[in-house]
Structures are given as structure tokens and as C-alpha cells.
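*Asks:* Sequence and predicted structure are below.
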Amino acid sequence: MGTNTLQTDNDTIGPEGSVVLGVLGDHPKTRMLLALLTNPDRDYNMTDIARLSDTDRSTVHRHMDDLLKYGVVEKTRKAGNAWMYQINRDNDAAKAFAKFEWEAIQALAENRDSE
């Protein structure tokens with residue numbers, strides 16, 4: 001879902017220039033969720049999430065508890081000393097966020113095609 005990239009006038013729609021960031025605002029939690037949605041079948045450690053979301057690792061650490069509490073992200077396993085995290089595909093809020101991202105990208109593409 002998050003792997004789609006579209007070109008608008010001055011913006012790329014994808015993880016870096018997501019239409020979701022434009023609509024909801026550029027918040028670290030939004031960036032983290034978009035990063036995890038890029039490949040929802042894969043799990044990532046906090047360093048990976050920070051890199052993919054272009055967010056400082058300490059910021060990822062600070063916000064991860066909220067995402068876990070809401071159930072949109074889940075711990076999958078421990079690799080060495082690091083926990084691995086993944087989007088919770090069974091969580092209704094995570095599903096709604098993914099659907100919103102996809103539908104927003106599609107709507108933007110349709111609007112651009114009709115111009």
C-alpha cells in the first residue's frame with residue numbers, strides 16, 4: 001500500500017511525500033505507520049523504523065508505546081536484544097489507516113488524470 005509513488009506538481013506521493021502526511025500533518029506517529037505499511041509483512045527494529053520514517057530513533061522510541069497501546073503496531077519477536085515491530089494487520093484502526101492511505105492516493109491519481 002505504502003509503496004505507491006505518484007508525481008504531483010511539486011510533491012511525490014509515497015513514504016516521504018505521502019498524501020496522508022499532507023492531509024493529517026507531518027507527525028512522527030504518522031510517518032512511523034506509513035513506514036511500517038511500506039511492507040506490512042515484514043517486521044522492523046526501532047532503528048529500521050527511524051530510518052524508513054526519516055525520524056530520530058529517540059522519537060520512534062518515545063512514540064512506540066502509544067502505537068502499541070492502541071494496537072496498531074505489535075511486537076513480533078526479539079532479535080538479539082532488540083524487539084521487532086510490525087503493523088498489526090488484525091487491528092481495525094490499522095486497517096482503516098491503510099485503507100485511508102490507499103484511497104487517498106487513488107483519489108489524487110484520479111483527480112490528476114481528470115485534469
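*Replies:* Structure's in. What do you need?
*Asks:* Name the single longest helix found in this structure.
*Replies:* Using DSSP state H, we find that the single longest helix of the chain is helix 92-114.
*Asks:* separation between the residue nearest the centre of the chain and residue 60?
*Replies:* Centroid-nearest residue in the chain: residue 34, 1.1 Å away (criterion: CA atoms, centre = their mean). For residue 34, the distance to residue 60 (CB to CB, to the nearest Å) stands at 13 Å. The C-beta positions use only the backbone N, C-alpha and C, and glycine is treated the same way.
*Asks:* With just CA atoms, put the longest helix of the chain into CSV.
*Replies:* Extracted in CSV, the C-alpha atoms of helix 92-114 (Å, rounded to 0.1, in the frame of the first residue of the first chain):
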residue,chain,number,x,y,z
ASP,A,92,-9.3,-2.2,12.8
ALA,A,93,-7.6,1.1,13.3
ALA,A,94,-4.5,-0.1,11.4
LYS,A,95,-6.7,-1.4,8.6
ALA,A,96,-8.6,1.9,8.4
PHE,A,97,-5.3,3.8,8.3
ALA,A,98,-4.0,1.6,5.5
LYS,A,99,-7.3,1.9,3.6
PHE,A,100,-7.3,5.7,4.0
GLU,A,101,-3.7,5.9,2.7
TRP,A,102,-4.6,3.8,-0.4
GLU,A,103,-7.9,5.5,-1.1
ALA,A,104,-6.2,9.0,-0.8
ILE,A,105,-3.5,8.0,-3.2
GLN,A,106,-6.1,6.6,-5.7
ALA,A,107,-8.3,9.7,-5.4
LEU,A,108,-5.3,12.0,-6.0
ALA,A,109,-4.4,9.9,-9.1
GLU,A,110,-7.9,10.1,-10.4
ASN,A,111,-8.1,13.8,-9.9
ARG,A,112,-4.8,14.3,-11.7
ASP,A,113,-6.0,12.1,-14.6
SER,A,114,-9.1,14.1,-15.0
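*Asks:* Please state the offset of it from the chain centre?
*Replies:* Computed by CA atoms, centre = their mean, to the nearest Å, the chain-centroid distance of helix 92-114 equals 13 Å.
*Asks:* name the helices or strands packed onto it?
*Replies:* Where contact means 3 or more CB pairs under 8 Å, 6 or more residues apart in numbering; DSSP states H and E, helix 92-114 is packed against strand 6-7, helix 19-24, helix 28-38.
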